[in-house]
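Asks: Got a predicted structure plus its sequence, pasted below:
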Amino acid sequence: MNDFSQFLFGLFWYGVLILLPGGAFSVVIHFLLSLPMRRRDRALFFLDLMETILQRGQPLEQSLLAVAENHDLALGIRFYMVAAHIEGGARLGEALEQVPQFLPPQINAILRAGEKLGDLKKVLPACREVLRIAPDTVRSTMHYMVAILLVFAPVACWLICLLSVFVIPKFRDVFAGMGAPLWPLAQFVLANTFWLVAFEVAVFFSLMLVAVIYIGGPGFVRWFQFRSVPVVDWFTWRVPWKQKKLQRTFSAMLAVLLDGGVPEGEAVRLAGDSTANEICRRRATRVIAALEKGVKLDEAVRAFDDAGEFHWRLTNATHAHGGFLNALRGWHEALEAKAFQQEETATHVLTSGLVIMNGLVVALIATAMFGMLVMILKGVLATE
């Protein structure tokens, strides 16, 4: 009975010290990694709700208020904040401006453009394109990076710091007393311990930044955006796959607006606003300036696309039948495919590079430590 009681006691402390913290850690990880997907699902649910209301021919704002009266939490708490602004007399676009965290910035901008167009139903496909889910490989790689951040990177930093503070100085003292020669690799590790630790810390904070951006989403990134100095938008435009997605959004919205009979200058301005990117807005402004000088639209869009592909795509679209959106659909799909390919390549290269570099640092330190132990044993055997 005594042995059985000890077994139960040990099992209890195993659950308290191992299973409960591990389970809590798993729940937190799942919650963090699922945040981007939950935000996307809420936005798609809202778009489906809008499409259903518009197809039935019901008034949009009043129908959204009726949905809010059901107190369904599937749309999130911010939906009720939007509904409160609508109840106060605001239009949908104005309410979304008051609660910018409810939908991604591009979705807010596209819906406002559709409201000005007078037909929200036409811009809903463009909204869904923005919310298209990334490939499974990209999402799994991002999750893998977060796992490295939360588990392996802190452990590696802690172990290397521990070695640099307690172990390496002792080895240095032993070799100083023995007067034995050190391996060149061991000399390198002893001389550059600080930089090895700094490298691991830099990797940790880099992964932390990537994880925070991924989990926080566009709402978090916008905290660092300044309209006079659009740093975030500039970096976004310089990322190849982000640039292609912005080009796709601009082109799709421009096509929708032109097919809707909006004047070219106003269509370009609304399409630039739909990207929710200041760099795109400035390029759209240059396109509008060229239109005001009498330049044709297919020539004026050269100011938006440095590569010039948009120019000849739009030139072909002006001679095609079935509208701009149908004529440009193939290009939009090509942009999306290239963006996914570049994003997948970048995530694999980044994660593989981080794993290889961390492995090299660990192997370097381990080889140096074992080399010093071998030299100490040789010294001890030589004295005998």
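Replies: Happy to help now that I have it. All values reported here derive from a predicted model rather than from experimental measurement. Numbering: from 1, shown residues only.
Asks: and residue 344, how many neighbours?
Replies: 17 (other Cβ atoms under 10 Å). For glycine as for every other residue, the C-beta is placed from the backbone atoms N, C-alpha and C.
Asks: Rounded mean pLDDT for the host helix or strand of it, please.
Replies: Element membership for residue 344 (DSSP states H and E) is helix 324-383. Averaging pLDDT along helix 324-383 yields 77.
Asks: helices or strands up against it?
Replies: helix 136-147, helix 153-162, helix 168-178, helix 184-191, helix 193-221, helix 240-259, helix 309-318 (3 or more Cβ pairs under 8 Å, 6 or more residues apart in numbering; DSSP states H and E).
Asks: Tabulate these (a markdown table), appending mean pLDDT and distance to residue 302.
Replies: Below are those laid out as a markdown table (pLDDT from 0 to 100; distance: least, Cβ to Cβ, whole Å):
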| stretch | mean pLDDT | distance to residue 302 |
| --- | --- | --- |
| helix 136-147 | 56 | 32 |
| helix 153-162 | 72 | 45 |
| helix 168-178 | 71 | 60 |
| helix 184-191 | 75 | 53 |
| helix 193-221 | 74 | 29 |
| helix 240-259 | 86 | 13 |
| helix 309-318 | 79 | 5 |
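Asks: most packed of those helices?
Replies: helix 240-259 (a mean of 23; mean count of other Cβ atoms under 10 Å).
Asks: Let me know the next secondary structure element after that helix.
Replies: Immediately after helix 240-259, counting by DSSP H and E, sits helix 264-274.
Asks: circling back to that earlier point, the helices and strands packed on helix 324-383: which one's closest to residue 353?
Replies: Comparing these by their distance to residue 353 (Cβ to Cβ), the top pick is helix 193-221, with 10.1 Å.
Asks: what is the orientation angle of the closest one with helix 324-383?
Replies: Helix 193-221 and helix 324-383 are oriented at 160 degrees to each other (axes from the mean of the first three to the mean of the last three Cα atoms, to 10 degrees).
Asks: residues touching residue 338, list them.
Replies: Residues near residue 338 by Cβ atoms under 8 Å, 6 or more residues apart in numbering: 241, 244.
Asks: any idea how far it is from residue 242?
Replies: 12 Å (Cβ to Cβ, to the nearest Å).
Asks: next one: residue 157
Replies: 30 Å.
Asks: Run through the stretch 1-150 of the chain and note the low-pLDDT ranges.
Replies: 1-26, 29-30, 33, 132-150 (pLDDT under 70).
Asks: Could I get the full set of helices for it?
Replies: 2-14, 20-55, 60-68, 77-87, 92-98, 105-117, 120-130, 136-147 (DSSP state H, counting those that start in this stretch).
Asks: what does stretch 48-58 rub up against?
Replies: 60, 63, 64, 67, 75, 120, 121, 124.
Asks: tell me the centre residue of the chain?
Replies: Closest residue to the average C-alpha location of the chain: residue 214 at 3.9 Å, with Cα atoms, centre = their mean.
Asks: got CSV for the helices and strands packed on helix 324-383, with distance to residue 91 too?
Replies: Below are the helices and strands packed on helix 324-383 laid out as CSV (distance: least, Cβ to Cβ, whole Å):
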stretch, distance to residue 91
helix 136-147, 35
helix 153-162, 47
helix 168-178, 66
helix 184-191, 65
helix 193-221, 22
helix 240-259, 19
helix 309-318, 32
